[in-house]
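# sequence below, structure please.
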Amino acid sequence: MQTTTPHNSALPGDIAGTVLMPGDPLRAKFIAEEYLDEARCFNTIRGMLGFTGFYKGKRVSVMGSGMGMPSIGIYSYELYHVYQVEAIIRIGTVGGLQPSLLLGDLLIGMGACTDSNYADQYHLPGTYAPIAGWHLLRRAAEEAERRGCRYQVGNLLSSDVFYCDDMEDLSKWKKMGVLGVEMEAAALYMNAARAGKEALAICTVSNQIGCEGFLPVEKQMETYRTMMEIALEIAEK
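Modelled structure (predicted):
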């Protein structure tokens, strides 16, 4: 089968200007089935499902990113550079670091610290600070405010490590006011900056780092839907 890239079988024009990216490709399928009219699958390579359809008359795409910065780094790079996507909105989960956070709260990533070497490829003469696109950030905060949901805007930590061998490392990020830990936003923000495009991460607090237990199953879909709907509302054609 002829493909446009090794990871995406979409043809030019198949993907909308804004793409929502959950980590789980099955969550992309859920969004397409639940929210998009006339949804059409444009990719199944490696099981990384992608769909394009219409949300309230706006053409929007949704595609899985996989887990970690290498994975979202590949997919977002191709979306920006090969498919001329203008904005990517990551929607996923995050482990909370600050005691003010409750399970189910939304975190909107204004910035994304990282312990990754992803930025080394740019050969910068210093430390780069990956940040979200202001236009998307402002609109997401306004939409969360309009809905009356609990949210905070601030720094995320994009880590290469899920099972951390030394939990003391995370306490140091906590001291610096970092809100929570996830694994993708920093690479997405750097790819967007290099391409001159926009990006934003909106995440649901699924657990508190250092505490047992996760967001109860019965609450998961409610909070995930809120996150998905905010992302869909701020998507542009």
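# just checking, Ser206 touches Val217?
No: if you go by C-beta atoms under 8 Å, Ser206 and Val217 don't touch, sitting 11.1 Å apart. From N, CA and C alone the C-beta is placed, and that goes for glycine too.
# the more surrounded of these two?
Using other C-beta atoms under 10 Å, the more surrounded residue of Ser206 and Val217 is Ser206, with 20 against 7.
# pLDDT at that one, what is it?
Per-residue pLDDT puts Ser206 at 92.
# check Leu200 too.
Predicted confidence (pLDDT) for Leu200: 98.
# list the contacts of the closest residue to it other than its chain neighbours.
Here the nearest residue to Leu200 in space, its sequence neighbours aside, is Leu136; by C-beta to C-beta, 6 or more residues apart in numbering that works out to 3.9 Å. With contact set as C-beta atoms under 8 Å, 6 or more residues apart in numbering, Leu136 has these partners: 87, 89, 198-200, 234.
# kindly report the same for Thr114.
Thr114 touches 69, 130, 157-160, 186-187, counting by C-beta under 8 Å, 6+ apart.
# quick check: of those residues, which lies closest to Phe54?
Using C-beta to C-beta, Ala187 is the member of those that sits closest to Phe54, with 29.0 Å.
# list the contacts of that closest one.
By C-beta under 8 Å, 6+ apart, the neighbours of Ala187 are 69-70, 72-73, 76, 114, 116, 118, 158.
# quick one, which of these are buried?
69, 72-73, 76, 114, 116, 118, 158 (16 or more other C-beta atoms under 10 Å).
# filter these down to just the ones in strands.
114, 158 (DSSP state E).
# in the protein, which spans are strands?
18-22, 37-43, 50-55, 58-63, 87-96, 106-114, 151-158, 180-182, 198-208.
# give the buried residues for the longest helix seen in the chain.
The longest helix of the chain (DSSP state H) is helix 217-234. By neighbour count with 16+ other C-beta under 10 Å, helix 217-234 contains the buried residues 220, 223-224, 226-234.
# quick one on the thing from earlier: Serialize the strands of the chain to a markdown table and add fields for distance to Thr5.
Listed next are the strands of the chain as a markdown table, based on distance: least, C-beta to C-beta, whole Å:
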| stretch | distance to Thr5 |
| --- | --- |
| strand 18-22 | 14 |
| strand 37-43 | 10 |
| strand 50-55 | 12 |
| strand 58-63 | 12 |
| strand 87-96 | 16 |
| strand 106-114 | 25 |
| strand 151-158 | 23 |
| strand 180-182 | 25 |
| strand 198-208 | 19 |
